[in-house]
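Enquirer: my questions concern the predicted model and sequence given below.
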Amino acid sequence: MAHTTAPRREQGAPALGNAESRSTPPTKVYPTKNDLPEASRREAIALLNQRLADCIDLQTQSKQAHWNVKGPSFIALHKLFDEINAAVAEYADLLAERVVQLGGIAEGTVGVVAERSTLVDYPIGLSTGAEHVAALSDALAMFGRTVRVGIEEMNELEDAGSADILTEISRGVDKWLWFVEAHQQGA
Ligand SMILES: [Fe+2]
């Protein structure tokens, strides 16, 4: 992306959770009759927007794998990666709409995602099923970790609704990680 202001994270060193780890200006918070304290809502909004960026990044990575995988397992992996893309798009919608329910602004543009995502960039030149299985399982595992941390963060903020959404996403991501990793586990 042209306007990336922060360097992409190094492999194996994802920045976690904290909105302040990325350049996040304080965004507008709308007044609402939702009884969660405004300070909690502000924190939850920032944390959820961080997870949203990771989620949209993961979604694009699963499409990248869907389009480019080759080899004897092509059709199985091609279809699996598209199922993952569709599921992850739903997770992004859950996160974004939770941000708005809390009075925030969902920040899900490609530019924001490119700047803010904590996932490692998906390698462009991959070809074989094994290569895509390795790369996408890495991405799913990284996202799964950030979501699990997010559940704890929402529990600390006493935002049970956001914790529940993240728990649902965590369950789904664990399942997709199993589906992808199973291709490595048959030997
Ligand atoms: Fe397709």
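Expert: Cool, got the structure.

Enquirer: can you show me the strands along this protein?
Expert: Remark: strands of the chain are absent; assignment by DSSP state E.

Enquirer: list phi and psi for the nearest residue in space to residue 40 that is not next to it in sequence.
Expert: Excluding the flanking residues, the one nearest residue 40 by Cβ to Cβ, 6 or more residues apart in numbering is residue 157, at 4.6 Å. Every residue, glycine included, has its C-beta placed from N, CA and C. Residue 157 has phi and psi values of phi -80, psi 0 when expressed as degrees, to the nearest 10.

Enquirer: helices or strands up against the top helix by length along the chain?
Expert: Looking across the chain with DSSP state H, the single longest helix is helix 38-68. Contact here means 3 or more Cβ pairs under 8 Å, 6 or more residues apart in numbering; DSSP states H and E; on that basis helix 38-68 packs against helix 74-101, helix 110-116, helix 129-156, helix 160-181.

Enquirer: which of these sits most buried?
Expert: Highest mean neighbour count of these: helix 129-156, a mean of 20 (counted as mean count of other Cβ atoms under 10 Å).

Enquirer: okay, now the unreliable bits of the chain?
Expert: Scanning the chain for pLDDT under 70 picks out the ranges 1-27, 187.

Enquirer: residue nearest the centroid of it?
Expert: residue 55 (2.1 Å; Cα atoms, centre = their mean).

Enquirer: in contact with residue 35, which residues?
Expert: By Cβ atoms under 8 Å, 6 or more residues apart in numbering, residue 35 lies in contact with nothing.

Enquirer: could you do residue 68 as well?
Expert: Residue 68 touches 126-127, 132, counting by Cβ under 8 Å, 6+ apart.

Enquirer: same question, residue 129
Expert: Here residue 129 is in contact with 69-74, 77, 183 (Cβ under 8 Å, 6+ apart).

Enquirer: could you rerun that using 6 Å?
Expert: Residues near residue 129 by Cβ atoms under 6 Å, 6 or more residues apart in numbering: 69, 71, 73, 77.

Enquirer: try residue 172
Expert: Contacts of residue 172 by Cβ under 6 Å, 6+ apart are residue 87.

Enquirer: distance check, it against residue 37.
Expert: Residue 172 sits 29 Å away from residue 37, going by Cβ to Cβ, to the nearest Å.

Enquirer: residue 121 now?
Expert: 37 Å.

Enquirer: swap in residue 183?
Expert: 46 Å.

Enquirer: looking at those two, which is more packed in?
Expert: residue 183 (18 against 12; other Cβ atoms under 10 Å).

Enquirer: isn't the more buried one right up against residue 133?
Expert: Yes - between residue 183 and residue 133 there is a contact at 4.7 Å, judged by Cβ atoms under 6 Å.

Enquirer: residue 55 contacts residue 93, correct?
Expert: No - between residue 55 and residue 93 there is no contact under Cβ under 6 Å: 9.3 Å.

Enquirer: contacts for stretch 132-146, please.
Expert: With Cβ under 6 Å, 6+ apart, stretch 132-146 has contacts from 14, 54, 58, 61, 65, 69, 119, 123, 126, 173, 176-177, 180-181, 183-184.
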